[in-house]
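>>> Just to be clear, the model below is a prediction. Sequence and coordinates:
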Amino acid sequence: MSPRNLEKMYALLEKSGRSTPIYGLYTRDTNNQPTYQVQFVDEIGTTHYTNEFISPTNYDAYEIAWWLPYKDDQLNGYKEEDKRLRGSAATTFPQTYGWKIDGTPVELDSLTIKLITYFFTQRKFKPPLGSQAKWQERLGLFLNWYKIWKIKSLFASPRDQITWLKLMHRNLYIPPNPEDNTDESCPFCHVKFNEQHLSECKELIDKVWNPLLALLHSIHGIQPDNIPVFITLGQISKDEVICKHLSVLLFLAWRCVYAEIIQGRLENKKIKYSRAYHRAISMTITRITAYARRKMDIMGQKEPTHLSQLKNTSKTS
Ligand SMILES: [Zn+2]
């Protein structure tokens with residue numbers, strides 16, 4: 001291991017083999033002995049000092065991967081330091097450095113939205129025609145792919161979005177029964193447990209999709225033309241898809257449903273979709289609250305009314 005630098009932050013793993021890292025500032029205590037000052041990491045990845053100190057002897061220290069969302073502004077002195085912790089550098093993917101766009105080296109956290117938009121508008125957008133054709137064949141209806149691929153979320157993190165995006169691309173792996181690898185059936189309906197079944201499964205409809213649809217209806221009067229098409233692709237009607245304010249609910253519902261399936265399969269436990277639904281709602285509230293706080297901090301703004309409305313409606317459901 002490389003020598004540790006004073007006043008530098010490290011990811012710390014217990015030598016006895018604890019698996020989740022804690023984060024600490026390498027410093028000296030009042031007796032001039034080396035110590036780590038434990039950091040609390042909030043949900044946007046900003047570190048905060050705590051009054052807890054731990055001894056370096058029990059921990060191995062690893063480099064940290066940071067995300068600097070305002071790197072250039074900070075370097076130019078327009079903005080105070082704002083760095084977000086992503087995890088231990090050895091286990092964080094992707095790293096911010098070592099990437100190229102069209103042969104030009106870039107650092108991911110220096111890429112502004114404007115720059116990314118520029119890069120992407122310079123290329124011809126190639127839709128995943130294979131996934132489109134498969135969904136088209138199974139769902140039957142007119143699918144407005146142009147709008148579907150433009151679905152965005154103001155609140156869901158990139159990680160929150162992985163599951164639903166994978167499903168849209170027909171790239172979501174559903175593991176078989178852990179006790180019998182040849183058994184690929186839904187534990188509730190005993191038909192093939194595939195991507196399409198996730199929007200048709202009676203148990204999922206009862207425990208997740210119907211409550212979610214009722215919630216979306218009460219918040220914003222959303223009434224999709226076709227329920228499976230809405231659940232799998234976010235299409236409300238042939239001209240409308242879910243908006244960037246409400247899409248967080250679908251992104252998180254998919255994330256939590258999938259996590260529940262994976263956990264059920266890996267640990268061979270009964271899948272409880274109601275738990276996934278409640279988790280999705282509570283994560284939605286966390287995401288919106290974090291977003292609103294960030295906005296209010298940055299711009300001195302008041303919380304937009306439709307946000308507080310969404311939070312209140314979600315709480316009572
Ligand atoms: Zn089923």
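Nice, thanks for sending it over.
>>> average pLDDT for the longest helix along the chain?
Across the chain, the longest stretch assigned as helix under DSSP state H is helix 273-299. Averaged across helix 273-299, pLDDT comes to 90.
>>> Give me the distance between it and the centre of its chain.
11 Å (Cα atoms, centre = their mean, to the nearest Å).
>>> what's the answer for stretch 139-146, then?
26 Å.
>>> The longest helix of the chain packs against which elements?
helix 210-220, helix 247-266, helix 305-316 (3 or more Cβ pairs under 8 Å, 6 or more residues apart in numbering; DSSP states H and E). Backbone N, C-alpha and C define where each C-beta goes, glycine included.
>>> most packed of those?
Comparing the helices and strands packed on helix 273-299 by mean neighbour count (mean count of other Cβ atoms under 10 Å), helix 247-266 ranks first with a mean of 22.
>>> Can you name the residues that contact residue 217?
Residue 217 makes contact with residue 223, according to Cβ atoms under 8 Å, 6 or more residues apart in numbering.
>>> Pull up the gap between residue 63 and the ion, please.
Here residue 63 is placed at a distance of 45 Å from the ion (Cβ to the ion, to the nearest Å).
>>> is it true that that residue touches residue 12?
No. Applying Cβ atoms under 8 Å, one finds residue 63 not in contact with residue 12, separated by 11.4 Å.
>>> And these two? Which one has more around it.
residue 12 (24 against 15; other Cβ atoms under 10 Å).
>>> Can you name the residues of the stretch 201-317 of the chain that neighbour the ion?
Along the stretch 201-317 of the chain, the residues adjacent to the ion under the rule Cβ under 5 Å from the ion are residue 201.
>>> Where does the stretch 201-317 of the chain get nearest to the ion, residue-wise?
residue 201 (3.0 Å; Cβ to the ion).
>>> Report the separation between residue 149 and the ion.
28 Å.
>>> Quick check: that residue vs residue 195, distance?
17 Å (Cβ to Cβ, to the nearest Å).
>>> and the two? which has more neighbours close in?
For residue 149 and residue 195, the more surrounded residue by other Cβ under 10 Å is residue 195, and the numbers stand at 19 against 16.
>>> Contacts only, for that one.
Residue 195 touches 167, 170, 172, 174, 232, counting by Cβ under 8 Å, 6+ apart.
>>> ok so the first one is a helix residue?
Yes. Assigned with DSSP: H, G, I helix; E, B strand; the rest coil, residue 167 falls within a helix.
>>> how is the chain carved up into domains?
8-91, 93-123, 129-316 (automatic domain parsing).
>>> taking these together, which one is wrapped up most tightly?
The most buried one of these (mean count of other Cβ under 10 Å) is domain 129-316, showing a mean of 17.
>>> still on that earlier bit, pretty sure the residue of the stretch 201-317 of the chain closest to the ion is in contact with residue 192, am I right?
No. The pair residue 201 / residue 192 is not scored as a contact, 10.9 Å apart, by Cβ under 8 Å.
>>> between the two, what contacts are shared?
residue 186.
>>> in the stretch 201-317 of the chain, what spans have low per-residue confidence?
Applying pLDDT under 70 to the stretch 201-317 of the chain picks out residues 299-317.
>>> how does it look with 90?
263-269, 292-317 (pLDDT under 90).
>>> Quick check: residue 99 vs residue 83, distance?
Separation of residue 99 from residue 83 (Cβ to Cβ): 19 Å.
>>> Likewise for residue 145?
Distance from residue 145 to residue 83, counting by Cβ to Cβ: 38 Å.
>>> Could you do residue 45 as well?
For residue 45, the distance to residue 83 - Cβ to Cβ - is 8 Å.
>>> so what sits against both of these two?
residue 67.
>>> ok, the residue in the stretch 1-150 of the chain that the ion sits nearest to - contacts?
At 15.7 Å from the ion, residue 138 is the closest residue in the stretch 1-150 of the chain, using Cβ to the ion. Taking Cβ under 8 Å, 6+ apart, we find residue 138 in contact with residue 196.
>>> again with residue 89
11, 62, 63, 64, 65, 95 are the contacts of residue 89 under Cβ under 8 Å, 6+ apart.
>>> and residue 105, helix, strand or coil?
Assigned by three-state DSSP, the conformation of residue 105 is strand.
>>> Can you tell me how far it is from residue 97?
Counting by Cβ to Cβ, the gap from residue 105 to residue 97 is 8 Å.
>>> now swap in residue 182 and tell me
For residue 182, the distance to residue 97 - Cβ to Cβ - is 45 Å.
>>> Please apply the same query to residue 30.
38 Å.
>>> repeat for residue 217
46 Å.
>>> Turn the helices and strands packed on helix 273-299 into TSV, including distance to residue 290.
As requested, the helices and strands packed on helix 273-299 are exported to TSV (distance: least, Cβ to Cβ, whole Å):
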stretch	distance to residue 290
helix 210-220	19
helix 247-266	11
helix 305-316	11
